[in-house]
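A.B. asks: just the structure for this:
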Amino acid sequence: MGELHFTGKFLRSFQRGEVIFEEGSCGQQMFVINAGGVDILKRTRGHDELVGTLGPGEIFGEMALVDNLPRSATAVAAEDGTELVAIDHAHFVYLIGQQPAFALVVLKALSLKLRAQMSAPGHLS
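C.D. replies: Numbers count the residues shown, from 1 in each chain. Take a look at the predicted model:
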């Protein structure tokens, strides 16, 4: 996502273990990882299960901005000094309209999540 430039007002820093957002919460922002990493956790049978770890250049939290539904997972900083670019709904809509490359990045992320879900054990095809 090198073609996009963000000023410091969009940057957020987190320390390892710090919760970025919780499953079931209302989503007001999506994030692009600038530095560090983020663990994605899903509540299963009463405990949090690691779904995956994301790194620099990856996005997360976009689903809540697209469908306006509660967060489907919890996001936690995986490293000290994790730096995220926070994009609220207004900026998200602007970027989708003005930056076709950004729209393709979001579509790819959604497609990969859908494919992963469909290939998960127990999914009915």
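
A.B. asks: show me where the protein has helices.
C.D. replies: 62-67, 89-98, 100-119 (DSSP state H).

A.B. asks: which residue sits closest to residue 32, ignoring its sequence neighbours?
C.D. replies: Nearest residue to residue 32 in three dimensions, chain neighbours excluded: residue 85, at 4.2 Å (CB to CB, 6 or more residues apart in numbering). Placement of C-beta: from N, CA and C, glycine included.

A.B. asks: the one you found and residue 24: what is the separation?
C.D. replies: 24 Å (CB to CB, to the nearest Å).

A.B. asks: report the central residue of the protein.
C.D. replies: By CA atoms, centre = their mean, the chain has its centre lying nearest to residue 60, at 1.0 Å.

A.B. asks: surely that residue touches residue 41?
C.D. replies: No. Assessed by CB atoms under 8 Å, residue 60 is found out of contact with residue 41, at 11.7 Å.

A.B. asks: what is in contact with the two at once?
C.D. replies: The contact sets of residue 60 and residue 41 overlap at residue 75 (CB atoms under 8 Å, 6 or more residues apart in numbering).

A.B. asks: sounds good, over and out.
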